[in-house]
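Trainee: Kindly return the folded structure for what I paste below:
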Amino acid sequence: MINNFKTYTLNNGLTIYFYIDKKKHSTFVNLTTKFGGFTKYCTIDDKKYELPDGLAHLLEHYVVEANSLGRYTEILWQHNMNTNASTGYHHTSYYFYTTNNLEFGIDILLRSCYSPVFKKELLEEVKKPIYQEIKMYDDNKFTAFNKKQYENIFTNHSFRSIGGSIEDLKQIDIKLLKLVYESFYHPSNQILIVAGNFNYKKVLKQIKNIYQQLDFPKHKLILLSPNEPKEVACKRSSIKLPTTKEYIEIAYKLDLSHFSKEELLKLDFYLHYLMKMNFGTPSTAYKNSLKQKLFDDGFTTEIAYFNQLGILSIGSYTNHPSKLEKIIINTIKNLEFNKNMFELYLKQSLTEVSVRPDSIHSMIKPFLDNVILFEYPTFDSIEYIKTWNFKDFKTLISRLDFSNYSTCIMQKDKK
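Mentor: Predicted coordinates for the structure are as follows:
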């Protein structure tokens, strides 16, 4: 348990997390809304909606650029504050770092985020640079490849990208944008984090005063999850793209519905251990692939979470995709569990966690992930990680079903 960690909930439902470290010179403030690119299905005031891709990202830009105070990032930059906003799969965050004028920064951030001015002409202006951003992303071959993979993975969920397409953005009008903002950007669907060197009582009083002066429309919001099957939608596909070398990726669709919130947090660490153990440079799969000259750079692995699903992806550039595919599939079917390597990775985790207090960002980012991804508001602690063991690692991994996967190959477009 972190002694300098406090939680406070306002009457409007906003949860505030305070992490106090008087040894720091700066303070980090982050307002996070539980609305991201993967948030697609809901009812608002008893009416069903399937939200277009790119809506959360567009709303992020709109809140920053089209509020009553003006572009708040420029205001904070002028006061030497490092500030930005970002949209992920599951949330949107607005944040800043500062070494002074903390109260000013909090006032500007909150009043900006809660005062967007909804006008049709403003929306069209905000859309213009995003159209250019989408075009740049579309020039990246992995944008098309990732969309293809999501088509392969999801049967009933229409999510394809956080940014969406130009067609997605064109269908978003000011009425929908305003309704979604009022529904999702309610304090009861948000968290506020203040971390670093600050006066707890003074900052809490300021935040409470700000929210007492704000009015929030109340909509009846219910998030919906489509009945997504455990099986992938497509077992195998390919896409032709301008690439000098073919790329293969196998995505495993993992059912996580039978794990507790605490187990999911632990499993996240364990899956990273498992991937390094079986596809890292010391692994048999890596050595065999290198010996057969199947790749030059090794394997890339990634784990993403979507509701009660985990998507585990393993890929590599290769001139022999069919051979590399067999190695990946056989490796997953016959996973290696190496106790010495587990102990090594456990020590690495302990070292990583032990140095996190040196950086506010290193403390808060994994904490925010725990809150958003696993609904488990806790810091990763040395004491907790020390309770993990090799037997538990094997037991938890054995509860995963790796039989549902999809292979996607990026082929050379000869045109």
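Trainee: quick one: the residue lying closest to Tyr150 once chain neighbours are set aside from Phe154, how far?
Mentor: When the adjacent residues along the chain are set aside, Tyr150 lies closest to Arg160, with 5.2 Å between them (CB to CB, 6 or more residues apart in numbering). Backbone N, C-alpha and C define where each C-beta goes, glycine included. As defined by CB to CB, to the nearest Å, Arg160 lies at a distance of 9 Å from Phe154.
Trainee: just checking, the residue nearest to Tyr150 touches Lys40?
Mentor: No - distance between Arg160 and Lys40: 10.1 Å, which falls outside the contact criterion (CB atoms under 8 Å).
Trainee: which residues do these two both contact?
Mentor: Counting by CB atoms under 8 Å, 6 or more residues apart in numbering, the residues touching both Arg160 and Lys40 are Asp53.
Trainee: Tell me, please, where in the protein the pLDDT is lower than the cut-off.
Mentor: Within the chain, the stretches with pLDDT under 70 are 1-3, 415.
Trainee: same thing but 50
Mentor: Counting by pLDDT under 50, the chain contains low-confidence ranges at 1.
Trainee: What segments of the stretch 51-200 of the chain are helices?
Mentor: Here the stretch 51-200 of the chain has its helices, by DSSP state H, counting those that start in this stretch, at 55-65, 72-78, 102-113, 120-138, 141-153, 166-170, 174-184, 200-212.
Trainee: can I get the CA coordinates of the longest one in PDB?
Mentor: Listed next in PDB are the C-alpha coordinates belonging to helix 120-138 (Å, rounded to 0.1, in the frame of the first residue of the first chain):
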ATOM      1  CA  LYS A 120     -21.600  23.200 -36.800                       C
ATOM      2  CA  GLU A 121     -19.000  25.500 -38.300                       C
ATOM      3  CA  LEU A 122     -16.500  24.800 -35.400                       C
ATOM      4  CA  LEU A 123     -16.900  21.100 -35.900                       C
ATOM      5  CA  GLU A 124     -16.000  21.300 -39.600                       C
ATOM      6  CA  GLU A 125     -12.900  23.400 -38.700                       C
ATOM      7  CA  VAL A 126     -11.800  20.800 -36.200                       C
ATOM      8  CA  LYS A 127     -12.300  18.000 -38.700                       C
ATOM      9  CA  LYS A 128     -10.000  19.500 -41.300                       C
ATOM     10  CA  PRO A 129      -6.600  18.700 -39.700                       C
ATOM     11  CA  ILE A 130      -7.900  15.300 -38.600                       C
ATOM     12  CA  TYR A 131      -8.700  14.400 -42.200                       C
ATOM     13  CA  GLN A 132      -5.000  15.100 -43.000                       C
ATOM     14  CA  GLU A 133      -4.000  13.000 -40.000                       C
ATOM     15  CA  ILE A 134      -6.000  10.100 -41.300                       C
ATOM     16  CA  LYS A 135      -4.500  10.400 -44.800                       C
ATOM     17  CA  MET A 136      -1.000  10.200 -43.200                       C
ATOM     18  CA  TYR A 137      -1.900   7.200 -41.200                       C
ATOM     19  CA  ASP A 138      -3.400   5.500 -44.300                       C
END
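Trainee: who touches that helix?
Mentor: Residues contacting helix 120-138 (CB under 8 Å, 6+ apart): 54, 57-58, 61-62, 65-66, 143-144, 161, 163-166, 169, 172-174, 177.
Trainee: Filter those residues down to the buried ones.
Mentor: Buried by 16 or more other CB atoms under 10 Å: 54, 57-58, 61-62, 65-66, 143-144, 161, 163-165, 169, 172, 177, out of the contacts of helix 120-138.
Trainee: before we move on, back to that, residue contacts, the residue nearest to Tyr150?
Mentor: 53, 147, 150-151.
Trainee: Throw those residues into TSV and include neighbour count, thanks.
Mentor: Formatted as TSV, these follow (neighbours: other CB atoms under 10 Å):
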residue	neighbour count
Asp53	22
Lys147	17
Tyr150	19
Glu151	17
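Trainee: from the helices of the stretch 51-200 of the chain, which stretch is densest packed?
Mentor: Comparing the helices of the stretch 51-200 of the chain by mean neighbour count (mean count of other CB atoms under 10 Å), helix 55-65 ranks first with a mean of 22.
Trainee: Kindly calculate the angle that that one makes with helix 102-113.
Mentor: Relative orientation of helix 55-65 versus helix 102-113 (axes from the mean of the first three to the mean of the last three CA atoms, to 10 degrees): 120 degrees.
Trainee: And helix 55-65, what does it pack against?
Mentor: Under the contact definition 3 or more CB pairs under 8 Å, 6 or more residues apart in numbering; DSSP states H and E, helix 55-65 sits against strand 82-87, strand 92-98, helix 102-113, helix 120-138, helix 174-184.
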